[in-house]
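Trainee: everything below, folded, please.
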Amino acid sequence: PGAPPRTVDAEHRFERDESDAARRQAALTHLTEQLGARLRDERQTCRVLTLTVLYADRTGHASITRSRTLPEATAHTPRLRATAHTLHGALGLQRARVRSLALRAGELGDAASASRQLTFGPDDDRARRIEAAADRARARFGAGAVRPASTAGMR
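Mentor: Predicted coordinates:
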């Protein structure tokens, strides 16, 4: 019973069927912010990211699911966000009316034992320091204290 979870999920249900790709992208950004913060809070990393899109068609409800194995286990929100946006873009849902988006982080592992590819540029380290500061602000002031502007108003 005390074992860590096998997956971490986040879901966003739209108030009405959403056909605007920009709003779907904002919802994906919000979901990856939630997943990344939760993974880091639980000191976990994920190796697989799965996107499930529930949309309305003429026969009722339909869904499509796509997964991507990440090059390395991570809890880094920008990497999760880029993968989620790539998965969504590959679906080619130009006119689809989407009811909800769900992201699942799978193949979780202990963050302390995860390896990380070193980079020579300061951008990745800067992004990780900003992410750590945002996590501290969320821990002190609540989950909605720090978020991308495109996700304002989302819960």
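Trainee: hang on, residue 12 packs against residue 101?
Mentor: Yes: Residue 12 is within contact range of residue 101, at 5.1 Å (criterion: Cβ atoms under 8 Å). Every residue, glycine included, has its C-beta placed from N, CA and C.
Trainee: of those two, who's got more company?
Mentor: Neighbours were counted for residue 12 and for residue 101 using other Cβ atoms under 10 Å; residue 101 has more, 24 against 21.
Trainee: now that one: how far from residue 85?
Mentor: Distance, residue 101 to residue 85, using Cβ to Cβ, to the nearest Å: 11 Å.
Trainee: please enumerate the shared neighbours of the two.
Mentor: Common neighbours of residue 101 and residue 85, using Cβ atoms under 8 Å, 6 or more residues apart in numbering, are residue 28.
Trainee: next, count neighbours for residue 23.
Mentor: Neighbours around residue 23, by other Cβ under 10 Å: 15.
Trainee: what's the nearest residue to it if we skip its chain neighbours?
Mentor: Closest residue to residue 23 apart from its sequence neighbours, by Cβ to Cβ, 6 or more residues apart in numbering: residue 14 at 7.6 Å.
Trainee: OK, contacts around that neighbour?
Mentor: 23, 27, 98-100.
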